[in-house]
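Chemist: A structural model of the following input is requested.
(4 chains)
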2 protein chains.
Amino acid sequence: MEQAISSVDRATSELRQMIFSGELAPGSDHLETELAERLGMSRTPVREAALTLRAQGLVELRPRRGLRIAPVSAQDMRDIYDILTELESLAAARAAEARYSRADLATLASTINDMDTALANDDLRAWAQADDRFHRELVRLGRNARLSMIVSVMRDQVRRARSTTLFMRPKPVQSNDDHRAVYQAIAAGDAKTAHDIHHTHRRQARDMLVALLEKHQLHGL
Amino acid sequence: MEQAISSVDRATSELRQMIFSGELAPGSDHLETELAERLGMSRTPVREAALTLRAQGLVELRPRRGLRIAPVSAQDMRDIYDILTELESLAAARAAEARYSRADLATLASTINDMDTALANDDLRAWAQADDRFHRELVRLGRNARLSMIVSVMRDQVRRARSTTLFMRPKPVQSNDDHRAVYQAIAAGDAKTAHDIHHTHRRQARDMLVALLEKHQLHGL
DNA sequence: GTATCCATTAACGTATACATAAACAGATAC
DNA sequence: GTATCTGTTTATGTATACGTTAATGGATAC
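Modeler: Numbers count the residues shown, from 1 in each chain, chains lettered A, B, ... in the order given. Predicted coordinates:
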């Protein structure tokens, strides 16, 4: 009983992919008809996908101009990281309060190992993926479905900018140490430490990324 | 040249209104066709509005069952207030850092006066409205458009529950004092104090509301 | 009486049709 | 040359059509 994927879902995920990959460039406009043709469907599912993507901040709808792929400025990056900082730190605190067993934290621990391995291999893409998994798992452990949703939407908004700057940034050694410290605080049930370390971690990430964007004049990524 | 309001916009705002007023009861299901007829339009704009409302967490879309008006449990309330607490407190800190002039803060100050007046008159509805304006203005002063958006979506999700419990809660005297203290910290440029007071303020509001919902068995408001 | 199967119904997902109004170009006035 | 006007084009907003498929109820088997 396989679930035939609906056109709307396909449009949503394919458009997301095209945005993340840069195939649809930040700031560019695309007519509904054009996208519908590219995706091999009628305008209706494209329109519906567009509404969802707009709600997630990935596109703007400009009547008679088409969908505009939302650019992300340095200021946007700051704003988004501020939100991520607060909400992920809250999740870290809640995770610590939840008194998870080591077994419950196994997934979190494994992402940290993956990051270590990737770093040893100088494989930045693998590192970024493991980093992503760490943050996603951390938020999941915080057990607040709305918070998870918001964080994942914000994370998507900076995905392009993050992958563009991935190879410009210094080796993320500090990141791994931070993650390990957060993990240990959660395992120890120390909510305040988990919160504060993660907070500092995210604020540093924000400053580093914003500096990169501004230095390289990467406007509207 | 007045801007003829589009059907989608009308559907969105009318459905929102019907949800807030309780005309569409929490947990109830409503077919697209039925709603379209009630609003005097075809299914298309109703569907599009539904997608937006889903993104805002106000309805769920259940194929062949219709739109379900999202209920808000005590746990939901806790989750939402946790998010509001962090984000509004961040906004308060940012507002303090922005070094606004007294003139810039006039609107904020006026909402506090309105709350005092309303409380003196025992007019709880007017108090709630002024309280809303205070929080909205506070967030606006934080200058983070995405944060403002998230906060307003979260606030909408608990709107029904708040108005239901409005007359059960103790007189919000403490609230007015808290708001005044936050205002003064912002005016003084003291980000930490603004943040911490508002944080405590929101956490207390959360505990009070959650206790009310649980005590009165108000499930799925 | 209960459970299973099947026919019927109707809500949805998607495609298509169409009127409206914005964008653009070309023409005209100055 | 510049600005305004006008006609044309076309993307959109909305309505409608239609096939698919999940939900419902009744019949049948036990």
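
Chemist: Which other helices and strands does the lowest-mean-pLDDT helix or strand in chain A contact?
Modeler: When each helix and strand of chain A is scored by mean pLDDT, DSSP states H and E, helix A:159-165 comes last, with a mean of 92. Counting contacts by 3 or more Cβ pairs under 8 Å, 6 or more residues apart in numbering or on different chains; DSSP states H and E, helix A:159-165 is packed against helix A:7-21, helix A:191-215. The C-beta positions use only the backbone N, C-alpha and C, and glycine is treated the same way.

Chemist: so, in contact with chain B or not, the longest one?
Modeler: No - if you take Cβ under 8 Å from any Cβ of the partner chain as the test, helix A:191-215 misses chain B, and the best it gets is 10.3 Å.

Chemist: Any chance you could list what contacts that helix?
Modeler: Helix A:191-215 has contacts (Cβ atoms under 8 Å, 6 or more residues apart in numbering or on different chains) with A:73-74, A:77-78, A:81-82, A:84-86, A:88-90, A:92-97, A:138, A:158, A:161-162, A:165, A:168-170, A:174-175, A:178-179, A:181-182, A:185-186, A:218-219, A:221.

Chemist: So which residues on chain A come close to chain B?
Modeler: Counting by Cβ under 8 Å from any Cβ, chain A comes close to chain B at A:47-48, A:51-52, A:55-57, A:76, A:79-80, A:82-83, A:86-87, A:89-90, A:94, A:144-147, A:150, A:154.

Chemist: Just the buried ones among these, please.
Modeler: Among these, those that count as buried by neighbour count (16 or more other Cβ atoms under 10 Å in any protein chain shown) are A:47-48, A:51-52, A:55-57, A:76, A:79-80, A:82-83, A:86-87, A:89-90, A:94, A:144, A:146-147, A:150, A:154.

Chemist: check contacts around the closest residue to A:Glu86 other than its chain neighbours.
Modeler: Once flanking residues are discounted, A:Glu86 sits nearest to B:Glu86: 4.3 Å by Cβ to Cβ, 6 or more residues apart in numbering or on different chains. Counting by Cβ under 8 Å, 6+ apart, B:Glu86 makes contact with A:Glu86, A:Leu87, A:Ser89, A:Leu90, B:His199.

Chemist: Now that we have those residues, can you turn them into JSON lines and tack on distance to DNA strand D?
Modeler: Converted to JSON lines, the contacts of B:Glu86 look like this (distance: Cβ to the nearest atom of the strand, whole Å):
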{"residue": "A:Glu86", "distance to DNA strand D": "34"}
{"residue": "A:Leu87", "distance to DNA strand D": "32"}
{"residue": "A:Ser89", "distance to DNA strand D": "39"}
{"residue": "A:Leu90", "distance to DNA strand D": "36"}
{"residue": "B:His199", "distance to DNA strand D": "41"}
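
Chemist: So which of the residues you listed are in strands?
Modeler: Members of the contacts of B:Glu86 lying in strands (criterion: DSSP state E): none.

Chemist: Quick check: the two most widely separated of the residues you listed?
Modeler: Among the contacts of B:Glu86, the pair separated by the greatest distance (Cβ to Cβ) is A:Leu87 and B:His199, at 14.0 Å.

Chemist: Next one: whatever residue of chain A ends up closest to chain B from A:Met149, what distance?
Modeler: Taking Cβ to the nearest Cβ as the measure, the point where chain A comes nearest chain B is A:Ala55, at 3.2 Å. Taken as Cβ to Cβ, to the nearest Å, the spacing of A:Ala55 relative to A:Met149 amounts to 11 Å.

Chemist: Quick check: which ranges of chain A have low pLDDT?
Modeler: Applying pLDDT under 70 to the predicted model, the residue ranges of chain A that meet it are A:1-3, A:218-220.

Chemist: Tell me which helix or strand the residue most central in space within it sits in.
Modeler: The central residue of chain A, meaning the one whose C-alpha is nearest the mean C-alpha position (Cα atoms, centre = their mean), is A:Arg155 at 2.3 Å. Take DSSP states H and E as the rule and A:Arg155 turns out to sit in helix A:145-157.

Chemist: Distance of the residue nearest to the centre of chain A relative to A:Arg206?
Modeler: Taken as Cβ to Cβ, the spacing of A:Arg155 relative to A:Arg206 amounts to 13 Å.

Chemist: now A:Glu14
Modeler: Counting by Cβ to Cβ, the separation of A:Glu14 from A:Arg206 is 31 Å.

Chemist: Alongside DNA strand D, which residues does chain A contribute?
Modeler: Applying Cβ under 7 Å from any atom of the strand, we find that chain A lies next to DNA strand D at A:4, A:31-33, A:43-44, A:47, A:61, A:63-67.

Chemist: buried subset of these?
Modeler: Among these, those buried by neighbour count (16+ other Cβ under 10 Å) are A:Glu32, A:Arg47, A:Gly66, A:Leu67.

Chemist: Do I have it right that the first one meets A:Arg47?
Modeler: Yep, that's A:Glu32 we're talking about. Yes - under the criterion of Cβ atoms under 8 Å, A:Glu32 is in contact with A:Arg47, at a separation of 6.0 Å.
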